[in-house]
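Asks: pasting the sequence and the predicted coordinates here, then a few questions.
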Amino acid sequence: MSTEPDLPFGAVPPAPLRLHCDLEALVANWRALDRLSGAASAGAAVKADAYGAGARRVAPALLGAGCRDFFVAHWQEAAELLALVPAPALAMLHGPLTAAEAQWARATGVRPVLNSLTQVDCWLAAGGGPCHVMVDTGMNRLGLPMAALGDPRLAALEIDVLLSHLAAAEDETELNARQQERWMAARQRLPHRRASLANSAGIMLGADYHGDLTRPGLALYGGVPCAALAPHIRQVVRPEAAILQVREIAAGDTVGYNATFTATGPMRIGVIALGYADGFLRCWSGKGAARGDSGAGAVLPVLGRVSMDMTVIDLGAAPALREGDWVSLDYALPQAAELTGLSQYELLTALGRRFAR
Ligand SMILES: *Cc1c(COP(=O)(O)O)cnc(C)c1O
């Protein structure tokens, strides 16, 4: 076992699992995306606990770098950040469904994104005030339909950001230009202070897509949705797990559930405290690898099935690793997506609650 200082009496021991989040790389990614946004400013999508990276660390780091607009999906996510980010800088994407929600937004100053005439009514009935409006330009998910833009109720709104969202910014498709044209038309119809369309990949579609504010999420956290972004984006998130046990096995021995791996010779293997309950899903079975030395060490391939709480790795290339030592998983998102068939978004947001963040 590695030698660690004693814990204070009664203190809960640290988790055998931690999520390394490189805040310097995160800030560098935001600065690159802000620069690539041209005359527009880059905001940040920090919904879903900053895509799993930990919103309470991510948001202050980005605020310190100059980011002034943060997008969450739930009121609870806004509440978590209220002490860390000025309330008007928090935009709640799903918008208010009940009077209580609209009143909470007014009381705190969190800006709701209004997505339908029902939400417009809800917001105005609660007293209104500065808000954002999402217009659906072709995704057919949340947002006011273009046909609703002439509704007289909209004239009573104090619109800060007029947003729309691209359905396929990472693809070469005519849908992008069609959505951009509708967004321009919506900007003509509704008075607003700022306009916003682009997510991470949308930033690379050029100045016509920038407006006043861009809304990257994935690329902040090291995701690369389109090749053009690759040179600008650094890896941010890396899962790390402790080695619980080291075993010696012999030729013919199998590893894990359903015995899907069979040793062809003597091997030294390690059981690490990371499983599918942590979001290291079973698609990693027999794929991918860990490394010692904070990710700088030799490749230690995953052996056999991933279990709920454990994964077995081949320690052959790292004879110095012992029980209690830590390894880092290879988690560069584009490569991990290629290997597992998961999207880069899923690879981030699946990472579970047992990680120390
Ligand atoms: C999640 C989200 C984003 C960020 O998208 P990425 O593809 O992660 O950059 C931007 N805008 C809206 C409305 C979103 O829901």
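Replies: Yes, it's here. Numbering: from 1, shown residues only.
Asks: for the closest residue to the ligand within the stretch 1-150 of the chain, which residues make a bridge with it?
Replies: Residue of the stretch 1-150 of the chain nearest the ligand, by C-beta to the nearest ligand atom: Ala45 (3.7 Å). The C-beta positions use only the backbone N, C-alpha and C, and glycine is treated the same way. Bridge pairing for Ala45 (DSSP bridges) gives the partners Phe71.
Asks: my guess is it contacts Pro216. True?
Replies: Yes: counting by C-beta atoms under 8 Å, Ala45 touches Pro216, with 6.8 Å between them.
Asks: identify the contacts common to those two.
Replies: Common neighbours of Ala45 and Pro216, using C-beta atoms under 8 Å, 6 or more residues apart in numbering, are Asn199.
Asks: which of those two has more neighbours?
Replies: Between Ala45 and Pro216, counted using other C-beta atoms under 10 Å, Pro216 has the larger neighbour count: 30 against 23.
Asks: where's Val246, which helix or strand?
Replies: When elements are defined using DSSP states H and E, Val246 is found to belong to strand 237-249.
Asks: ok, Ala228 - contacts?
Replies: Ala228 touches Met204, counting by C-beta under 8 Å, 6+ apart.
Asks: confirm it sits in a helix?
Replies: Yes: counting by DSSP: H, G, I helix; E, B strand; the rest coil, Ala228 is part of a helix.
Asks: longest helix in this structure, please.
Replies: Using DSSP state H to define each element, the chain has its longest helix at helix 174-189.
Asks: hmm, who's touching it?
Replies: Contact partners of helix 174-189, identified using C-beta under 8 Å, 6+ apart, comprise 135, 137-139, 146, 149-150, 162, 164, 166-169, 195, 197, 202, 205, 208-209, 211.
Asks: hmm, back to that, what's near enough to touch the residue of the stretch 1-150 of the chain closest to the ligand?
Replies: Contacts of Ala45 (C-beta under 8 Å, 6+ apart): 51, 71, 199, 215-217, 220.
Asks: most neighbours among those residues, which one is it?
Replies: Pro216 (30 neighbours).
Asks: can you tell me the closest non-neighbouring residue to the closest residue to the ligand within the stretch 101-250 of the chain?
Replies: Of all residues in the stretch 101-250 of the chain, the one sitting closest to the ligand is Gly217 (2.7 Å; C-beta to the nearest ligand atom). Leaving aside its chain neighbours, Gly217 sits nearest to Ala45 (3.1 Å; criterion: C-beta to C-beta, 6 or more residues apart in numbering).
Asks: tell me which residues of stretch 342-350 are tucked away?
Replies: 342, 344-349 (16 or more other C-beta atoms under 10 Å).
Asks: of all these, which comes closest to Ser285?
Replies: Ranked by distance to Ser285 (C-beta to C-beta), the buried residues of stretch 342-350 are led by Leu342 at 12.9 Å.
Asks: may I see the buried residues of stretch 187-194?
Replies: For stretch 187-194, burial by neighbour count (16+ other C-beta under 10 Å) applies to 187, 190, 192, 194.
Asks: how about a markdown table for those, with distance to the ligand and pLDDT added?
Replies: Putting these into a markdown table (distance: C-beta to the nearest ligand atom, whole Å; pLDDT from 0 to 100) gives the following:
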| residue | distance to the ligand | pLDDT |
| --- | --- | --- |
| Arg187 | 17 | 98 |
| Leu190 | 17 | 98 |
| His192 | 16 | 98 |
| Arg194 | 14 | 98 |
